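> Mind folding the following:
(one chain, ligands or ions: 1)
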Amino acid sequence: IDQPQVLSEREVASIERQQTAMSAPKAKVAVLGAGGGIGQPLAMLMKMNPLVSDLSLYDVVGTPGVAADLAHIDTAAKVTCATGPEELSKALYGCHLVIIPAGVPRKPGMTRDDLFNINAGIVQGLCEGISKYCPKAWVAIISNPVNSTVPIAAEVFKKAGTYDAKKLLGVSKLDVCRAKAFWAELAGVIPAKVDVPVVGGHAGVTILPLLSQATPKVDLAKDKAKALMERIQNAGTEVVEAKAGKGSATLSMAYAAAEFGNSCLRAMAGESNITECAYIESNVTDLPFFATKVTLGPDGVQDVGSLGRLNELEQENLEALKAELRGSIQKGIDFVASGK
Ligand code: NAI
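Okay, here's the model as predicted:
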């Protein structure tokens, strides 16, 4: 019988070092707009994510304070900060995932589209930087109006020759979080036991929760389902009004984006069966961009889920949302084409 090989202490230590290095987190994640209402709690949640090795914080103001503060949290992610366009290259270089909550939020009475004039240019500028300094990164866009800013990003990347549709994701997850929270209340279960697909876009009627596919099943009369659908569609406005001029959803959005970012990092690391709802380039409908459930793989979106069976209410809403969503997509495309 062969004697088992006995390793020296030095050999054991070397193997342990190698294993630690192999299992150590390797992802560099940037948050652009890190000084803001969403950016700060999102940066904190990413600092707590064990898959993040480097957390790069970028904003036009206020980044050093946020970075100094977060750097004292005793988790592995190394925090760096960069401020202003001249430091954007430093923020983005080597990034695997870039999350963008930069831009102005809504005030009461505003629609997401009212933000277009300011946020379109911000997203365009940041995406020009991404195409230069980390063209292979996954890009998750939070800045509103998402229905237009994602097409803007796509056009910028196409112009630069770096577009990879599988890696450009509009973050519509907050709509899913809201739908799950409200459905759980209705079904009398904890939200973790709930699934509600939300498709379409991320603004008003373009948000289409598929309550007929929600689990666990709850039989809802059409008027009750319509009321819940409208509550989900207007949930952002509920927060804007409650904050009375001090911005829109920040904490719930940071949570949603951190969960979404975590899914991206897990898929990147090779974990399978990671699904999320995201607003992406799509041929599920005749619209060029559409949010559906997607499966994420190591190189981005791997499979795009179908819409499944819609009931009458959902079918009506789908037809109603198309004109608005098509217009918002075109507005984004035209913005980049106009060279503003
Ligand atoms: P905020 O005003 O608190 O923060 C925005 C940050 O962006 C500020 O720190 C600002 O300095 C920074 N910024 C401005 N121009 C920049 C540039 N060129 N480069 C980098 N950073 C820049 O706003 P908040 O509440 O954090 O919202 C940010 C965006 O997220 C808004 O457009 C808002 O509408 C959107 N949003 C999206 C949601 C979604 O579900 N996708 C939900 C809630 C908000």
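> What segments of the chain are helices?
Along the chain, the stretches classed as helices by DSSP state H are 9-23, 39-47, 63-71, 88-92, 116-133, 146-160, 173-187, 222-233, 235-243, 251-268, 312-337.
> In JSON lines, list those helices along with distance to Lys166 and mean neighbour count.
(Each C-beta comes from the backbone N, C-alpha and C, glycine too.) JSON lines is the format used below for the helices of the chain (distance: least, C-beta to C-beta, whole Å; neighbours: other C-beta atoms under 10 Å):
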{"stretch": "helix 9-23", "distance to Lys166": "26", "mean neighbour count": "10"}
{"stretch": "helix 39-47", "distance to Lys166": "22", "mean neighbour count": "24"}
{"stretch": "helix 63-71", "distance to Lys166": "30", "mean neighbour count": "17"}
{"stretch": "helix 88-92", "distance to Lys166": "19", "mean neighbour count": "20"}
{"stretch": "helix 116-133", "distance to Lys166": "15", "mean neighbour count": "19"}
{"stretch": "helix 146-160", "distance to Lys166": "12", "mean neighbour count": "24"}
{"stretch": "helix 173-187", "distance to Lys166": "18", "mean neighbour count": "21"}
{"stretch": "helix 222-233", "distance to Lys166": "27", "mean neighbour count": "16"}
{"stretch": "helix 235-243", "distance to Lys166": "27", "mean neighbour count": "18"}
{"stretch": "helix 251-268", "distance to Lys166": "11", "mean neighbour count": "21"}
{"stretch": "helix 312-337", "distance to Lys166": "18", "mean neighbour count": "17"}
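> want to try CSV for those, with distance to Ser282 and mean pLDDT as columns?
Compiled in CSV, the helices of the chain are given as follows (distance: least, C-beta to C-beta, whole Å; pLDDT from 0 to 100):
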stretch, distance to Ser282, mean pLDDT
helix 9-23, 35, 75
helix 39-47, 25, 98
helix 63-71, 34, 98
helix 88-92, 26, 98
helix 116-133, 19, 97
helix 146-160, 11, 98
helix 173-187, 16, 97
helix 222-233, 20, 96
helix 235-243, 22, 95
helix 251-268, 17, 97
helix 312-337, 11, 97
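> With distance to the ligand added, can I get those helices in a markdown table?
As requested, the helices of the chain are arranged in a markdown table below (distance: least, C-beta to the nearest ligand atom, whole Å):
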| stretch | distance to the ligand |
| --- | --- |
| helix 9-23 | 33 |
| helix 39-47 | 6 |
| helix 63-71 | 9 |
| helix 88-92 | 8 |
| helix 116-133 | 4 |
| helix 146-160 | 5 |
| helix 173-187 | 4 |
| helix 222-233 | 12 |
| helix 235-243 | 6 |
| helix 251-268 | 4 |
| helix 312-337 | 13 |
